[in-house]
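Student: The sequence isn't on hand, but the structure is:
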């Protein structure tokens, strides 16, 4: 496998109209999960991927496994738990950053929260060029945290470990969540973290360079800077490379961080220069930002390569809106400047 991702996925219920959860009369069903999102997007981009997890022996578990498999992801190592349910959540239509945004999670005691070193397919996790993990899994339970620690621990023959910090304060029951995330990040090879996350979790402010000083160990560190762009530190010289984000007509922000990670990892698997990896991250994130759910079909590889090769002036003029990944125009015409 190119990438194996481990983590919880949930059935997501998206409102059919804006408003408070109390007022929404019906919901459309979708799926969501940081790690499976990455696996699905990478599979859609032509990479061989596997998702490892646990789901309940219920209809929601069936839906998750079947839907993720439909993206071309290997799900043979997903195990069923007859005693615990599949997690679900509901959210409002507004942006997560808005004051009126609501999310209702029903994941406590879920099948995935029972993942532990002894009940997952460790051979399936090792058989990959890249093993992708996030801090969400470590926050689910003590056994989950133990599992992520075991998978990130340095050892001979370990796959390249990709770790997205994904700091979710509401998930951490223990007070040491920030410390655990820092330790996990220091043991990983590729780390994704937002400037806002670094400040919230570790009190780091100032610049991406300040985050790098806190995290000198990862071979590749990607610091996401929101709408401004992202900075990557890679190579023995430790130099930083920055690529501005694209102008996007945002429909919903959910899943954009996972999409960015998928685009960057795709570029990594293909051996692209680090700046091109950042651009591919921005392009795949733009696909997610222009749809209402967690998952969006990425642009075709040729389409993404053409856009990523634009000069700085043309890149800066792009503005991407809903449906842009299916645009048939030349790269310079894919969006209105």
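Tutor: Perfect, thanks for sending it. These numbers were taken from a predicted model, which means no experiment stands behind them.

Student: what about stretch 170-179, average pLDDT?
Tutor: In this model, stretch 170-179 has a mean pLDDT of 87.

Student: Make 545 the first number, not 1, from now on.
Tutor: Sure, I'll start counting at 545 from here, so that last one is stretch 714-723.

Student: which parts of that stretch are buried?
Tutor: 715-716, 721-722 (16 or more other CB atoms under 10 Å). In this view, the C-beta of every residue, glycine as well, is placed from N, C-alpha and C.

Student: Reformat those residues as a markdown table; add secondary structure.
Tutor: What follows is those, written out as a markdown table (DSSP: H, G, I helix; E, B strand; the rest coil):
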| residue | secondary structure |
| --- | --- |
| 715 | helix |
| 716 | coil |
| 721 | helix |
| 722 | helix |
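
Student: Can you tell me which of the residues you listed is closest to residue 559?
Tutor: residue 715 (22.8 Å; CB to CB).

Student: Look up how far residue 607 lies from residue 614.
Tutor: 10 Å (CB to CB, to the nearest Å).

Student: ignore the last one, residue 633
Tutor: 14 Å.

Student: Spit out the residues that contact those two alike.
Tutor: Any residue near both residue 633 and residue 607 by CB atoms under 8 Å, 6 or more residues apart in numbering counts here, and that gives residue 555.

Student: What are the boundaries of the strands in the stretch 545-694 of the chain?
Tutor: For the stretch 545-694 of the chain, the strands defined by DSSP state E, counting those that start in this stretch occupy 547-550, 554-559, 571-576, 593-596, 598-600, 623-625, 632-635, 647-650, 674-678.

Student: So which other helices or strands are in contact with the fifth one?
Tutor: If you count contacts as 3 or more CB pairs under 8 Å, 6 or more residues apart in numbering; DSSP states H and E, strand 598-600 packs onto helix 603-614, strand 623-625.

Student: right, and the ones you listed - which one's nearest residue 805?
Tutor: Closest approach to residue 805 among those (CB to CB): helix 603-614, 16.6 Å.

Student: mind checking the SS state of the residue most central in space within the chain?
Tutor: Per CA atoms, centre = their mean, the C-alpha nearest to the average position across the chain is that of residue 802, at 2.1 Å. Here residue 802 is helix, with the state taken from three-state DSSP.

Student: before we move on, back to that, highest mean neighbour count out of the strands of the stretch 545-694 of the chain?
Tutor: Highest mean neighbour count among the strands of the stretch 545-694 of the chain (mean count of other CB atoms under 10 Å): strand 547-550, with a mean of 29.

Student: Number of residues surrounding residue 653?
Tutor: Look at residue 653: counted by other CB atoms under 10 Å, it has 12 neighbours.

Student: wait, isn't it in contact with residue 628?
Tutor: Yes. Counting by CB atoms under 8 Å, residue 653 touches residue 628, with 6.0 Å between them.

Student: Identify the residues contacting residue 703.
Tutor: Residue 703 neighbours (CB under 8 Å, 6+ apart): 548, 669-670, 672-675.

Student: Please apply the same query to residue 845.
Tutor: 589-590.

Student: what do you get if the cut-off is 10 Å, keeping everything else the same?
Tutor: By CB atoms under 10 Å, 6 or more residues apart in numbering, the contact set of residue 845 is 589-590, 810, 814, 824.

Student: Which of these are buried, as a ChimeraX select command?
Tutor: Only the buried entries of the contacts of residue 845 go into this ChimeraX selection, using 16+ other CB under 10 Å:
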select :589,810,814,824
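
Student: ok, so of the contacts of residue 845, who is nearest residue 766?
Tutor: residue 824 (12.0 Å).

Student: The closest one and residue 814, how far apart?
Tutor: In terms of CB to CB, residue 824 sits 9 Å off from residue 814.

Student: so what sits against both of those two?
Tutor: Counting by CB under 10 Å, 6+ apart, the residues touching both residue 824 and residue 814 are 589, 845, 849.

Student: Can you add distance to residue 742 and give these back as a markdown table?
Tutor: What follows is those, written out as a markdown table (distance: CB to CB, whole Å):
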| residue | distance to residue 742 |
| --- | --- |
| 589 | 28 |
| 845 | 32 |
| 849 | 31 |
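
Student: Helices of the stretch 645-794 of the chain, residue ranges please.
Tutor: 666-670, 679-684, 686-696, 721-731, 739-746, 752-758 (DSSP state H, counting those that start in this stretch).

Student: Given the helix or strand bottoming out on mean pLDDT in the chain, what are its sheet partners and their directions?
Tutor: Across the helices and strands of the chain, mean pLDDT, DSSP states H and E gives its lowest value to strand 647-650, namely a mean of 89. Note on strand 647-650: by DSSP bridges, its sheet partners are strand 632-635 (antiparallel).

Student: for the helices and strands packed on strand 598-600, which one sits closest to residue 776?
Tutor: When the helices and strands packed on strand 598-600 are compared (using CB to CB), the closest one is helix 603-614, at 28.5 Å.
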